[in-house]
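Colleague: requesting a structural model of the entry that follows:
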Amino acid sequence: MTDIAWSDGRWTHDPEEVVEDRGDLVVTAAEGSDAWRTTSYGFVHDSEHALLAPFEVGTAVEVEFTAAFSAQFDQAGVFVRASVERWVKAGVEFADGRPQVGAVVTDGLSDWSLAPVPEWADRRILVRVSRGADALTVRAGVLGEPLQLVRVLPFPSSLPADAGPFVCAPTRAGLAVRLHAWRVVEADGALH
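Modeller: Numbering: from 1, shown residues only. Sure thing, here's the model as predicted:
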């Protein structure tokens, strides 16, 4: 396990404010920040706040954050980016009045999957994305509890990619997310 220093990443888009506080990084998202490509909504949003570093095959990226969300589409988790049109975001998003665990997978167009996790509200969450030879495996859960499988998706080993924590606030100003940890660990060896 290797902790990644906050200063080792680079932002895809600068947040409104970033403050280091006792080892945590408190990130205030810009109103309207989001990542999405076309599907169903007809728009492209490329304004997420993702702090990225190289993501190698055989490793996993873990991010811990507190899911203190209250407005539609408040979100945080792990962002994996190969290009402007090929990326994945996975984590917790506040949708339809409750926290939901899910992922958006984008390869030209975005898709979105999620499931309600109301018991995760205001809890410290761990999201892990493992990179294998031909796939990304997404797991998430409350810190200290077993992680649940969220998604398995194709992702070629030949594709250069970066990964790290992200925060978005599509519908409001003032969302401040406390990021607790960002680390690289060995990739999950099996799906089950």
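Colleague: any buried residues in stretch 36-49, and which?
Modeller: Under the neighbour-count criterion of 16 or more other CB atoms under 10 Å, stretch 36-49 has 36-37, 45, 47-49 buried. Where you see a C-beta, it was placed from the backbone N, CA and C, and this is true even at glycine.
Colleague: wait, stretch 78-85
Modeller: Those would be 78-82, for stretch 78-85 by 16+ other CB under 10 Å.
Colleague: over to stretch 60-77?
Modeller: 60-69, 73-77.
Colleague: can you check stretch 126-135 too?
Modeller: Neighbour-count burial for stretch 126-135 flags 126-132 (criterion: 16+ other CB under 10 Å).
Colleague: what does it rub up against?
Modeller: Contact with stretch 126-135 is made by 55-65, 77-78, 80, 88, 90-92, 136-143, 147, 152-157, 161, 163, 185, 187-188, as judged by CB atoms under 8 Å, 6 or more residues apart in numbering.
Colleague: now for the buried residues of stretch 60-77: which two are most distant?
Modeller: A60 and F73 (26.1 Å; CB to CB).
Colleague: mind listing what the closest residue to A68 other than its chain neighbours touches?
Modeller: Of all residues not flanking A68 in the chain, D122 sits nearest, at 5.2 Å (CB to CB, 6 or more residues apart in numbering). Applying CB under 8 Å, 6+ apart to D122 gives the contacts 66-68.
Colleague: many thanks, we can stop here.
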